[in-house]
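1. heads up, no residue letters with this:
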């Protein structure tokens, strides 16, 4: 099990993402995962061995290191990468669930299991919110644990068994600061991308809702009601979809509020 | 996630590159990434362990090492390679977007005479013309900027490209001006010069590719204006015939046949 496993899992997410989602994946793969693996891990490689306190008292260095670095920055970074990447798997799981349902019922229930409508739209939205939450959470945790995003070259320590306040020197503080700032910048970029994607999805849904209401009003006089059934945004769960007058419609049996329409819809 | 994955990403762009672009990708991966991974990382592996200062004062070595090497050469090269490779992803994204649009039109029944099926859309090589020309040119421009910036940062951080065997350090907590010795300075200098030379070659290739793209466009534009001036009535027919001839004679190499939009 290594980072390759995460990479392989995430590659599958690419298929069901929006354009902005794909940009987000590219940023995560290249500017975070790749930089972490080829550069950042090596910077923190010998952090404890090179951590030096100006004292000969045995145990003082260990205690001070443990006090200043309850969890190593590079490990926290790795955890952040894992937590931030995994909500996207909700989408993959939901698509797999849809495909499983189609197999069980032995008929086509959805236009395409990977198409972002109905419940999958909500799953995608939730995964975006959770991802953003994790990003902000980890940044706040980083800031709280290490009193900011910079690594000082010297720290004063007076914990037992240190006999007095001793100077402790951290290895490669400037290089570590540069990589932590890199982490913060890429994190913020991912947060911005998530917000843009969130707004884009919500706006798209609202526009479709409005258009559908407007077209409903226009067609109310010559309504072919047996061909049309609408699902409003925020009701059972499917954003309204533009429909072709001459398309065939089939209803799937409502299950857990997940009503779908089968028709020759245009892609959004 | 490693350099192999980056190679897979960038390798996909190879199909849509010019010949100079293909040479550039080869130079990047053979003379820079491979050298970084198999040789340079070994040379710099023990850089802090074997950095020795002529003092017993705890902390002096750490502080002096941090002062002289704010970022390790290896990390700077790794970042440089990542930044220099990523503009190619703009081209990959543009091609993916173009294919997505073509597939959408095909499903609507619009481009049935151009493509046989959806697989054909995926396999067909996209020509560098129109908006893709601008994307491609921008990516080359950004590559040049990143290469130059990193080379400057290198020069600025290390006062040149040569590593001395001894450095004088008098920063607190060092008690006085102490001698600090770098491990393997000559070997590191050799590799630094090698990597800088490869950087320069890549930059020259990018500049050559940019000039090639610009010259070709100017040349075709002037040719088209000339034809229109000489034969205004048959201008359209002739230019189309010329395009057909060029398409046949170019034999699958990337050619710019349209005006950049």
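-> Alright, I've got the coordinates. Predicted model, so just to flag it, every value in this text is computed and none were measured.

2. which SS class is residue A:70?
-> Under DSSP: H, G, I helix; E, B strand; the rest coil, residue A:70 falls in the coil class.

3. residue B:179 too?
-> Once three-state DSSP is applied, residue B:179 turns out strand.

4. ok, and the closest non-adjacent residue to it?
-> residue B:54 (4.5 Å; CB to CB, 6 or more residues apart in numbering or on different chains). All C-beta spots, glycine's among them, are computed from the backbone N, C-alpha and C.

5. correct me, but that neighbour touches residue B:180?
-> Yes: Residue B:54 lies in contact with residue B:180 (CB atoms under 8 Å); the separation is 7.3 Å.

6. give me the more crowded residue out of those two.
-> More neighbours surround residue B:180 than the other of residue B:54 and residue B:180, with 20 against 14 (other CB atoms under 10 Å in any protein chain shown).

7. one step back: ok, the residue nearest to residue B:179 to residue B:181 distance?
-> 8 Å (CB to CB, to the nearest Å).

8. and if you look at residue B:93?
-> 48 Å.

9. and residue A:38, by the same measure?
-> 28 Å.

10. who has more neighbours out of these two?
-> residue A:38 (24 against 14).

11. residue of the stretch 101-250 of chain A closest to chain B, please.
-> residue A:169 (3.6 Å; CB to the nearest CB).

12. excluding chain neighbours, what is closest to that residue?
-> Per CB to CB, 6+ apart, closest to residue A:169 is residue B:59, 3.6 Å.

13. which ones are touching the one you found?
-> A:52-54, A:154, A:167-169, B:173 (CB atoms under 8 Å, 6 or more residues apart in numbering or on different chains).

14. give me that answer again for 6 Å
-> By CB atoms under 6 Å, 6 or more residues apart in numbering or on different chains, residue B:59 lies in contact with A:52, A:54, A:169, B:173.

15. how close does the first one get to residue B:61?
-> Relative to residue B:61, residue A:52 is positioned 8 Å away (criterion: CB to CB).

16. which stretches of the stretch 101-250 of chain A form strands?
-> For the stretch 101-250 of chain A, the strands defined by DSSP state E, counting those that start in this stretch cover A:154-157, A:166-169, A:250-251.

17. please identify the most buried of those strands.
-> Greatest average neighbour count among the strands of the stretch 101-250 of chain A goes to strand A:166-169 (a mean of 21), per mean count of other CB atoms under 10 Å in any protein chain shown.

18. contacting residues around that strand?
-> A:52-55, A:64, A:154-155, A:157, B:59, B:62.

19. dump those into a markdown table; add distance to residue B:12 and pLDDT as well.
-> Shown next, in a markdown table, are the contacts of strand A:166-169 (distance: CB to CB, whole Å; pLDDT from 0 to 100):
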| residue | distance to residue B:12 | pLDDT |
| --- | --- | --- |
| A:52 | 47 | 90 |
| A:53 | 51 | 91 |
| A:54 | 54 | 91 |
| A:55 | 56 | 90 |
| A:64 | 49 | 91 |
| A:154 | 48 | 92 |
| A:155 | 47 | 92 |
| A:157 | 51 | 92 |
| B:59 | 49 | 90 |
| B:62 | 44 | 91 |
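
20. let's have these in JSON lines, adding distance to residue A:176.
-> Output for the contacts of strand A:166-169, formatted as JSON lines (distance: CB to CB, whole Å):
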{"residue": "A:52", "distance to residue A:176": "15"}
{"residue": "A:53", "distance to residue A:176": "18"}
{"residue": "A:54", "distance to residue A:176": "20"}
{"residue": "A:55", "distance to residue A:176": "23"}
{"residue": "A:64", "distance to residue A:176": "17"}
{"residue": "A:154", "distance to residue A:176": "14"}
{"residue": "A:155", "distance to residue A:176": "13"}
{"residue": "A:157", "distance to residue A:176": "18"}
{"residue": "B:59", "distance to residue A:176": "16"}
{"residue": "B:62", "distance to residue A:176": "12"}
